[in-house]
Every structure is written in structure tokens, then in C-alpha cells.
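**Student:** could you look at this predicted model? Sequence included:
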Amino acid sequence: MTVEQIYTGCLAQGAYYITSKGEAAIIDPLRETQPYLARFEKDAVKLKYIFETHFHADFVSGHIDLSKKTNAPIVYGPTAAPEFEAIIATDQQVFEIGDVKIKILHTPGHTLESACYLLIDENGKETALFSGDTLFLGDVGRPDLAQKAANMSQEDLAGMLYESLYNKILPLANDITVYPAHGAGSACGKNMMKETVDTLGNQKKTNYALNQSSKANFIAAVIDGLLPPPAYFGMNVAMNKKGYNSYDQVLATGLTALSPTAFETAAQNTGALILDTRSAAEFAQGFIPKAINIGLNGDFAPWVGAMVMDVKQAILLVTEPGKEEEAITRLSRVGFDHILGYLEGGFQTWLTEAKEIDTVNRITAEQFANEVKIGEHTVIDVRKESEYAASHVDDAYSKPLAYINQWINDIDPATHFYLHCAGGYRSMIAASILQARGYRNFSEITGGFNAIANTAVPKTDFVCQSKVL
């Protein structure tokens, strides 16, 4: 028997590959199937089952494409109602893969159909728990995502989650290995550890949610501090439940190379969003007017989902040459399938044809320190509220990037302001959105707060409330 975690850092997502005696199972696969198919061939195994822990909100699973290509059935926990053929398992049902077994534990709370998969080895020993979004390392699944579908409150769902964890998970042996569906950085939880594997015994000791004295205290603790989920989550759930276009088809369409003139025409005729995936530094120096910058070298897909929101939005890509397929793949993982093509040769071809360009007014932290007068200038900090609370520029306004659509109208276009995040990635996303919407009277600070912290600019540490614009 072998168990392998296939972890994708930019999504903070764990898929799992289990083999025994020539048979294999995959749990929560990613959208693109070819790496799995190649692995089955290399290992000389036949895929027997595709297990889904629930209808995922933060990414589009590869279950449907993988099932079509291998004829392996898709398995869900009780109450799931997908709009495609699947096995809807009963609680405690056992599936065999070679000499090992996988037992279904129905654990509703994060969603109603949520299930964990308990691995039983060749000797009959319970060895591993694939806990999906029911149990994370350091946290548990948020109980607010399925409210509408379940017609229940988040308190009701949190109560179900308590019963699932305390009645089905906590009684399991301490030496069982816990393999969660997500780690730190995922929006599916709020307090996840950076580690991606742990023992259940250690989680029993260290996980705040597993150490509550009552059901009421558990509900209060789990709900406390939850931020609104990204807008694209509901659309990803729908794709995972109803089905989606083949990834191969999405890739083939997206890999349409467009000359600058064809690219420009497509943008004008379709209303497509121009998504520039180059680094913030490259983008600031020159870009196609009204393009939005979300760099590939970062949490690309989740930020696209948070900023673009509608997965049906048509997209035209600007990438570094050779990065087109990576961009399309990562977009498809969060459901953005309507990719019309990419700028052939990258931004350099746009410059070669002397097309119109735009730039961002980017300054260094040292320039900022020399220019800014605290109390007389407007400084906007687009980091998370928790980052702002830990330390920030005196009198800066906390305006997290995730909520830019709410606060952008509060900006006075006649008043110059300074814009920063932690290192420049998020502030350039904000800068590109601001300029696309006509706001130009600002300076974005390269290096962000990390660089500002090394200057003499006055700073405030550890506050509970942010300044209102």
C-alpha cells in the first residue's frame, strides 16, 4: 500500500493517491487529469474509485473528466445529489482497493454531504483519515458556505459539525494520520496550520475546535472571526455539482495565439477582461490600458476568483512567453474557462507594434518616507485587517484588497493618496483596478510595508480598530 499527498501550494489544496495490489484511488483530484493518467501508467495501476469529500467551493475538481477517461466511478457521501452519474455511499460503507479498505464516515457540517474517508490497511488497522473540509490541521471547516443550499443557519451547520467531529472523529485512535483537503492560505478555514499532515492525537491536543467544553462553546468559537467567502465560491460549487466543460477543450481554446491587432480587436468586440499575469514590477513599467494585473508568481487563482468574481467572464491573457498554459490551467482550477486566447509573444509584441500603453506611478519606500507627512497625506493599506492590526503606517486607512469593490467609491479622485500592501503583489492588483476605473491620482509603493518598516515613517503597532476613510 502507498499513500501520497499531492499538494498544490497556490490553492493550499491536497489531493490524495492511494494504491494497493494494482488498484488505485484518487481523493479530491485537481482539474487537469493528464498528470494522474501518466502516474497510473507509470505505476501500472488501474484507477478503481474517485472519492470526493464534498462539493468543493474553492476549486473545480477533476472528478468528471477523470471518470470519463478511466471509467472509474465517482463516490460521494450520503445526501449528495450530483447531476451526473455517481455512487452515493451510505454512512460506514466500505470500498476495497487491492488489499486495503476505505470506510465512509458521513460528517455533515461544512456541507450536508461532507464525508471523511477512513483508510484501513492490509492488517485491518485504521491508519489514515482523509478529512476533507471537516477537519483541518489547527481548524475545522467553516459552517457558513452551505447555508443557502441547506436552508439552515451557520449556527445550525456548526452544530452538525460539532456532532460529526465529537461523535465520529474524536473517538478514533490517536496514531491515525490526518490528511486534510486544505492548509494555511485557504479561505475554507480561518486558523489552519502551515503543516499539511499530522496525527489525530496531536490535533486532539492542539486544535482549538476539538477542545471546546460544550456544543454551544464550539459553535461560538467556530463562527467567531469568519470573513465573507469569496464571490466565486458558489459558482465553483455549482460546477462541481452540475458538471463543466472538459479541461482539454478549455486549454485548446485558451491556447489561441493572437497578434496585437487581433488581440485588440477581440478585446473591443467581446468586452473581455485583459488579465496581465506578469510580475508587479514588469506591469508597472508598461501594460495594455485597462488591463488588470494578477501575477502568476503568487496566489494567482484565488485572487482572480476574488477580484473577477464571475467565472463566466471572458478573458484575454498577457503572460510571459511560455507561461500561457500554466495561466490557463490555474484559471481553470477555479472555474474560469472562458479564455479567448493570449497575446502572442507577450507584451513585447505590443511594444513592437507601438500600441498604446499605460504605466503605474510606482515609488520606493524611501521616496515615500521623504514625501509623506503623517496626518496630511492619505495612505491606503490593502493588506488583511489582521496584518494592519499587527503594525501599520500611522493614520493609514485599512482597505483590504478583497473588499475593493466596496471601498473604491469612497476614494476622492481629486486627492492624491499612497497605496501599499506587504510586498507589492496585492497593491499592484489594486492599482491596476483603480486605473482601469479611472482613478490615477496615487503612488503605489514598491516593497510595500516590508520596505516601509525599514524607514523612519511613524508606525502604530497592535490596534483593534482600523481608521475609517
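**Tutor:** Alright, I've got the coordinates.
**Student:** the closest residue to Leu296 other than its chain neighbours: what's it in contact with?
**Tutor:** Spatial nearest neighbour of Leu296, chain neighbours left out: Thr277 (4.5 Å); criterion: C-beta to C-beta, 6 or more residues apart in numbering. C-beta here means a position set from N, CA and C on the backbone, and glycine is covered the same way. Residues in contact with Thr277 (C-beta atoms under 8 Å, 6 or more residues apart in numbering) are Asn293, Ile294, Gly295, Leu296, Phe300, Leu317, Val318, Thr319, Glu320, Lys323, Ala327.
**Student:** kindly report the same for Gly98.
**Tutor:** Residues near Gly98 by C-beta under 8 Å, 6+ apart: Met1, Thr19, Ser20, Lys21, Gly22, Glu23.
**Student:** ok, the fifth one to Leu66 distance?
**Tutor:** Put plainly, it is Gly22. Counting by C-beta to C-beta, to the nearest Å, the separation of Gly22 from Leu66 is 18 Å.
**Student:** select from the contacts of Thr277 the one having the most neighbours.
**Tutor:** Counting neighbours by other C-beta atoms under 10 Å, the top entry in the contacts of Thr277 is Ile294, with 28 neighbours.
**Student:** which stretches in the stretch 251-400 of the chain count as helices?
**Tutor:** Secondary structure of the stretch 251-400 of the chain, counting by DSSP state H, counting those that start in this stretch: helices at 260-270, 280-285, 300-308, 324-333, 347-352, 365-371, 385-390.
**Student:** look up phi and psi at the nearest residue to Met1 once chain neighbours are set aside.
**Tutor:** Closest residue in space to Met1, ignoring its immediate chain neighbours: Ser20 at 4.6 Å, by C-beta to C-beta, 6+ apart. Phi and psi for Ser20, reported as degrees, to the nearest 10, are phi -160, psi 130.
**Student:** my guess is Thr378 contacts Tyr397. True?
**Tutor:** Yes: proximity of Thr378 to Tyr397 meets the contact threshold set by C-beta atoms under 8 Å, at 7.1 Å.
**Student:** just the C-alphas of the least confident helix or strand in the chain by mean pLDDT, formatted as CSV.
**Tutor:** Using mean pLDDT, DSSP states H and E, helix 147-150 stands out as the lowest-scoring helix or strand of the chain, at a mean of 79. Extracted as CSV, the C-alpha positions of helix 147-150 are listed here (Å, rounded to 0.1, in the frame of the first residue of the first chain):
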residue,chain,number,x,y,z
GLN,A,147,-26.4,27.9,4.4
LYS,A,148,-28.5,28.7,1.3
ALA,A,149,-28.4,25.2,-0.1
ALA,A,150,-29.2,23.6,3.2
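**Student:** which other helices and strands contact that helix?
**Tutor:** On a contact count with 3 or more C-beta pairs under 8 Å, 6 or more residues apart in numbering; DSSP states H and E, helix 147-150 meets helix 154-164.
**Student:** show me what contacts Phe130?
**Tutor:** With C-beta under 8 Å, 6+ apart, Phe130 has these contacts: Tyr16, Ile27, Phe51, Thr53, Cys116, Tyr117, Leu118, Leu119, Tyr179, Ala181.
**Student:** hang on, Glu316 packs against Pro260?
**Tutor:** Check again: residue 316 is Leu, not Glu. No: the criterion here is C-beta under 8 Å, and Leu316 misses it with Pro260 at 11.4 Å.
**Student:** neighbour count for those two, which is higher?
**Tutor:** Remark: of Leu316 and Pro260, Leu316 carries more neighbours, 24 against 19, as counted by other C-beta under 10 Å.
**Student:** picking that back up, buried sites along the least confident helix or strand of the chain?
**Tutor:** Ala150 (16 or more other C-beta atoms under 10 Å).
**Student:** what's the answer for stretch 301-312, then?
**Tutor:** Ala301, Pro302, Trp303, Val304, Gly305, Ala306, Met307, Val308, Val311.
**Student:** got those as CSV, with pLDDT columns?
**Tutor:** Formatted as CSV, the buried residues of stretch 301-312 follow (pLDDT from 0 to 100):
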residue, pLDDT
Ala301, 93
Pro302, 92
Trp303, 95
Val304, 96
Gly305, 93
Ala306, 91
Met307, 94
Val308, 93
Val311, 93
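**Student:** pull the most distant pair out of those residues.
**Tutor:** Farthest pair in those (C-beta to C-beta) is Trp303 and Val311. Separation: 14.1 Å.
**Student:** common neighbours of Leu316 and Pro260, please.
**Tutor:** Contacts common to Leu316 and Pro260, judged by C-beta under 8 Å, 6+ apart, are Leu343.
**Student:** domain assignment for the chain?
**Tutor:** Here the domain parsing of the chain from automatic domain parsing is 2-235, 245-352, 362-461.
**Student:** what distance separates the last one from the centre of its chain?
**Tutor:** Read that as domain 362-461. Domain 362-461 sits 24 Å away from the centroid of its parent chain (C-alpha atoms, centre = their mean, to the nearest Å).
**Student:** cool, the longest one as well?
**Tutor:** Taking C-alpha atoms, centre = their mean, one finds domain 2-235 lying 16 Å from the centre of the chain it belongs to.
**Student:** report the separation between the two terminal residues of that domain.
**Tutor:** Across domain 2-235, the terminal residues are separated by 34 Å (C-alpha to C-alpha, to the nearest Å).
**Student:** would you mind measuring from Leu317 to Ala272?
**Tutor:** Taking C-beta to C-beta, one finds Leu317 at 10 Å from Ala272.
**Student:** Gly22 and Leu66: who's more crowded?
**Tutor:** Taking neighbours as other C-beta under 10 Å, Gly22 and Leu66 compare with Leu66 leading, 22 against 12.
**Student:** so Leu401 sits against Ser432, correct?
**Tutor:** No: counting by C-beta under 8 Å, Leu401 stays clear of Ser432, with 11.2 Å between them.
**Student:** just list the residues touching Lys205, thanks.
**Tutor:** Going by C-beta under 8 Å, 6+ apart, Lys205 touches Asn211.
**Student:** that one falls within a helix, correct?
**Tutor:** Yes: under DSSP: H, G, I helix; E, B strand; the rest coil, Lys205 falls within a helix.
**Student:** so what pLDDT did it get?
**Tutor:** As predicted, Lys205 sits at a pLDDT of 98.
**Student:** now do Ala280
**Tutor:** We have a pLDDT of 97 for Ala280.
**Student:** what is the neighbour count of it?
**Tutor:** Close neighbours of Ala280, defined as other C-beta under 10 Å, add up to 26.
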